[in-house]
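S.K.: Just need the structure, nothing else, for what follows:
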Amino acid sequence: MTAWVRVLEAGEALSGEEAWQVAMLAARDAQIQLAPPALLQVRFSLLPDTAAFTGRDKELDRITTVVKRAAAAGRLVAIDGMPGIGKTTLAIHAAHVLKDQFPDRQLFINLQAHTPGQEPLTPEAALAELLTAIGVEASYLPPGLPGRTALWRDRMARQRALLVLDNAAGSAQVIPLLPGSDSCLVLVTSRRHLGDLPGAVVPVLLEVLAPAEARELFVRLAPRATADPAEAVTELVQLTGCLPLAISLLARVYARQPSWSLADLTAETRTSLLTVVVEKDSVAAAFDVSYRQLNRRQQRFFRLLGLHPGVTIDPYAAAALAGVSLREASRHLDELQGESLLIQVGYLRYGMHDLIRRYARDRAAAGPAVGRNQALERLLDYYQYASALAEDLLTRHTHATAGTMPASVPAAVPSLTGHDHATGWARTERTNLLACLDHATRTGRHDRVIALTANVAALLRLDGPWADALARYATALRAAQHLGDRPGQARILSELGTVQRFTGDYRDAVENLNEALHHLVT
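M.R.: Purely as a prediction, here's the structure:
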């Protein structure tokens with residue numbers, strides 16, 4: 001009698017997992033074949049490929065290259081990107097392209113991380129689904145995760161199999177499901193960056209389609225659009241931000257509304273794209289799932305980002321907007337990028353897809369107006385303060401060109417240590433500074449218009465275009481005249497005259513410079 005059988009006969013208390021492992025070892029010692037009855041096995045469970053698959057040539061090449069590697073290099077591909085970007089579509093298409101190279105099995109499982117109304121599958125539940133699919137009877141499943149993982153890897157050893165793990169919540173959910181065999185290819189999709197996956201993982205970060213690909217996808221899904229002008233189709237897909245989910249939804253609407261013209265669909269899209277519903281699908285619903293998985297502080301931070309007049313943000317501006325510390329802002333930005341709600345467009349600089357920004361702004365609009373206004377005031381204070389620092393460095397601190405500071409000092413601002421540093425900061429933030437200036441103009445904030453215009457004067461002189469500078473000075477001059485701000489008028493007239501001199505308009509330059517002097521001495 002073996003030691004394992006004696007342990008069993010002694011009736012020692014064992015956990016469920018330990019008891020199952022002991023039973024397996026005892027059966028092996030006794031040469032008892034502990035195998036389930038013959039069951040039907042699933043060898044192919046991939047979702048259907050889409051006939052309208054468009055673009056993604058670079059990403060497909062990256063995935064197929066993995067298959068050509070030596071076995072020791074590993075065959076694990078992690079596809080991530082924002083909601084609606086087409087991660088599942090790419091994984092399924094790639095699986096169909098490669099299925100003949102993995103003839104034993106081609107399996108698909110939805111891990112439900114971002115499935116509306118569903119909780120993410122636990123690794124134990126996912127393994128139960130996979131094991132029963134390959135023929136293990138449910139009653140023979142080990143009770144715990146280690147036993148199920150071991151059985152799964154044992155059954156998949158030496159199989160040439162392809163596995164699609166779709167909609168993953170994180171690395172901890174995925175790792176127990178990896179077959180552990182280099183003869184298998186695993187494609188994982190997730191909205192999150194799965195940075196803890198083991199081995200030589202090949203990352204594939206999906207971006208929006210190129211405009212030509214977006215137009216092609218719409219026409220392939222809605223063939224009657226071939227009769228429409230290409231420019232009209234281009235205008236429509238540009239409203240979607242070239243997001244595949246949004247394009248496919250609009251194509252399905254166009255297909256089911258034969259009385260609509262493309263102009264009708266475009267008009268509808270401008271006002272209600274996020275809420276366009278086809279069966280149960282909508283762009284907003286795709287974003288909702290990710291939003292609901294954020295904690296309350298993350299949700300608030302995300303909503304406020306939607307209020308930013310510009311298109312990119314760094315931790316300093318984000319901290320001012322949300323009224324939090326620089327460290328907390330940095331952490332939230334990193335977390336939202338991890339959820340694919342933000343895109344890192346440069347070092348510590350983040351952007352949003354147009355539709356996600358629109359979604360965040362709509363979420364913010366549902367809250368109290370006071371909170372929104374306070375957040376924007378903090379942001380404008382930050383840009384006015386930081387741009388004043390930069391202006392002082394760019395103009396060598398001369399009194400006539402000193403930057404205009406706000407009444408409130410932001411808690412955190414970048415350290416601008418010299419002319420070159422200030423120039424780099426101003427050029428990086430140019431789009432945001434001008435967007436804030438435009439926001440102040442639209443909302444009638446004359447004091448902000450004067451201050452922000454003055455604080456970008458050196459940048460406009462340096463980089464132009466001078467025609468744009470002249471138009472902005474004219475707007476700021478009207479604002480200063482409206483407030484009766486004589487120092488402000490002097491500053492703007494001085495800048496106006498300087499740029500007119502650059503353009504060769506010497507007569508108007510002399511007139512405006514003289515008037516600026518008049519405002520200073522009277």
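
S.K.: can we go C-alpha only for contacts and neighbour counts from here?
M.R.: OK.

S.K.: What segments of the stretch 151-300 of the chain are helices?
M.R.: In the stretch 151-300 of the chain, helices defined by DSSP state H, counting those that start in this stretch lie at 171-174, 211-221, 230-239, 244-256, 262-272, 283-292, 296-305, listed in chain order.

S.K.: Now tabulate those in JSON lines and tack on mean neighbour count.
M.R.: Formatted as JSON lines, the helices of the stretch 151-300 of the chain follow (neighbours: other Cα atoms under 10 Å):
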{"stretch": "helix 171-174", "mean neighbour count": "17"}
{"stretch": "helix 211-221", "mean neighbour count": "21"}
{"stretch": "helix 230-239", "mean neighbour count": "17"}
{"stretch": "helix 244-256", "mean neighbour count": "21"}
{"stretch": "helix 262-272", "mean neighbour count": "14"}
{"stretch": "helix 283-292", "mean neighbour count": "18"}
{"stretch": "helix 296-305", "mean neighbour count": "20"}
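
S.K.: and those helices as JSON lines, adding mean pLDDT and distance to Tyr382?
M.R.: Formatted as JSON lines, the helices of the stretch 151-300 of the chain follow (pLDDT from 0 to 100; distance: least, Cα to Cα, whole Å):
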{"stretch": "helix 171-174", "mean pLDDT": "96", "distance to Tyr382": "38"}
{"stretch": "helix 211-221", "mean pLDDT": "94", "distance to Tyr382": "35"}
{"stretch": "helix 230-239", "mean pLDDT": "92", "distance to Tyr382": "31"}
{"stretch": "helix 244-256", "mean pLDDT": "88", "distance to Tyr382": "35"}
{"stretch": "helix 262-272", "mean pLDDT": "88", "distance to Tyr382": "32"}
{"stretch": "helix 283-292", "mean pLDDT": "87", "distance to Tyr382": "27"}
{"stretch": "helix 296-305", "mean pLDDT": "96", "distance to Tyr382": "15"}
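
S.K.: Out of these, which gets nearest to Arg486?
M.R.: Taking Cα to Cα, helix 296-305 is the member of those nearest to Arg486, at 35.7 Å.

S.K.: What lies in contact with that closest one?
M.R.: Contact with helix 296-305 is made by 291-292, 318, 321-322, 332, 336, 357, 360-361, 363-364, 372, 375, as judged by Cα atoms under 8 Å, 6 or more residues apart in numbering.

S.K.: For the helices of the stretch 151-300 of the chain, give me a markdown table that also has distance to His446.
M.R.: Shown next, in a markdown table, are the helices of the stretch 151-300 of the chain (distance: least, Cα to Cα, whole Å):
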| stretch | distance to His446 |
| --- | --- |
| helix 171-174 | 51 |
| helix 211-221 | 39 |
| helix 230-239 | 32 |
| helix 244-256 | 39 |
| helix 262-272 | 30 |
| helix 283-292 | 36 |
| helix 296-305 | 24 |
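
S.K.: List only buried entries from the contacts of helix 296-305.
M.R.: Among those, the ones that count as buried by 16 or more other Cα atoms under 10 Å are 291, 318, 321-322, 332, 336, 357, 360-361, 363-364, 372, 375.

S.K.: Sort out for me which of those are in helices.
M.R.: Using DSSP state H, the members of these that fall in helices are 291, 318, 321-322, 332, 336, 357, 360-361, 363-364, 372, 375.

S.K.: ok, so what distance separates Pro410 from Val164?
M.R.: Per Cα to Cα, to the nearest Å, Pro410 is found 48 Å from Val164.

S.K.: With Pro116 instead?
M.R.: Applying Cα to Cα, the value for Pro116 to Val164 is 20 Å.

S.K.: ok so, going back, ok, the ones in helices among the buried ones among the contacts of helix 296-305 vs Ala52, which is closest?
M.R.: Proximity of those to Ala52 (Cα to Cα) peaks at Arg357, which lies at 27.9 Å.

S.K.: just checking, the closest one touches Gly306?
M.R.: Yes. Contact criterion Cα atoms under 8 Å: Arg357 and Gly306 qualify, at 5.0 Å.

S.K.: out of Pro116 and Val164, which sits in the busier spot?
M.R.: Val164 (24 against 13; other Cα atoms under 10 Å).

S.K.: for the more buried one, what are its contacts?
M.R.: Per Cα under 8 Å, 6+ apart, neighbours of Val164: 46, 91-92, 95, 106-109, 186-189.

S.K.: Let me see the confidence value for it.
M.R.: With respect to pLDDT, Val164 has a value of 97.

S.K.: bridging residues for it?
M.R.: With DSSP bridges as the criterion, Val164 is bridged to Phe108, Leu187.

S.K.: Return the backbone torsion pair for Leu342.
M.R.: When read as degrees, to the nearest 10, the backbone of Leu342 gives phi -130, psi 160.

S.K.: ok, it - contacts?
M.R.: By Cα under 8 Å, 6+ apart, the contact set of Leu342 is 82, 333, 336, 350-353.

S.K.: and the residue lying closest to Leu342 once chain neighbours are set aside, how many residues sit next to it?
M.R.: With sequence-adjacent residues excluded and distances taken as Cα to Cα, 6 or more residues apart in numbering, Leu342 is closest to Met352, at 5.1 Å. Applying other Cα under 10 Å, we find 22 residues neighbouring Met352.

S.K.: Surely Met352 is in contact with Ile343?
M.R.: Yes. Here Met352 reaches Ile343: they are 6.0 Å apart, a contact under Cα under 8 Å.

S.K.: Got the domain ranges for the chain?
M.R.: In the domain annotation for the chain, the residue ranges read 1-34, 57-205, 211-285 (automatic domain parsing).

S.K.: most packed of those?
M.R.: Stretch with highest mean neighbour count among these: domain 57-205 (a mean of 19; mean count of other Cα atoms under 10 Å).

S.K.: That one: end-to-end distance?
M.R.: Domain 57-205 has an end-to-end distance of 13 Å (criterion: Cα to Cα).

S.K.: looking at the chain, which helix or strand does the model trust least?
M.R.: Lowest on mean pLDDT, DSSP states H and E among the helices and strands of the chain sits helix 3-10, with a mean of 43.

S.K.: what residues are up against Ala95?
M.R.: Going by Cα under 8 Å, 6+ apart, Ala95 touches 46, 106, 162, 164.

S.K.: Just the pLDDT at the spatially closest residue to Val289 that is not a sequence neighbour, thanks.
M.R.: For Val289, ignoring the flanking residues on the chain, the nearest one in space by Cα to Cα, 6+ apart is His114 at 5.7 Å. pLDDT, His114: 87.

S.K.: His114 and Ser290 touch, don't they?
M.R.: Yes. With contacts counted by Cα under 8 Å, His114 reaches Ser290, the gap being 6.8 Å.

S.K.: What are the contacting residues of stretch 113-130?
M.R.: 109, 111-112, 138, 141, 144-145, 148-149, 152, 167-169, 173-174, 176-177, 285, 289-290.

S.K.: just so I have it, where are all the helices in the stretch 1-150 of the chain?
M.R.: For the stretch 1-150 of the chain, applying DSSP H, counting those that start in this stretch gives helices covering 3-10, 16-29, 57-67, 87-98, 123-133, 145-156.

S.K.: mean pLDDT for these: which is lowest?
M.R.: With a mean of 43, helix 3-10 has the lowest mean pLDDT of the helices of the stretch 1-150 of the chain.

S.K.: what stretches of this protein score poorly on pLDDT?
M.R.: 1-40, 69-74, 276-280, 396-403, 522 (pLDDT under 70).

S.K.: quick one on the thing from earlier: need the contacts of Val164 in a markdown table with distance to Ala222, can you?
M.R.: Converted to a markdown table, the contacts of Val164 look like this (distance: Cα to Cα, whole Å):
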| residue | distance to Ala222 |
| --- | --- |
| Leu46 | 25 |
| Ala91 | 23 |
| Ile92 | 22 |
| Ala95 | 25 |
| Gln106 | 31 |
| Leu107 | 30 |
| Phe108 | 28 |
| Ile109 | 29 |
| Val186 | 33 |
| Leu187 | 29 |
| Val188 | 30 |
| Thr189 | 27 |
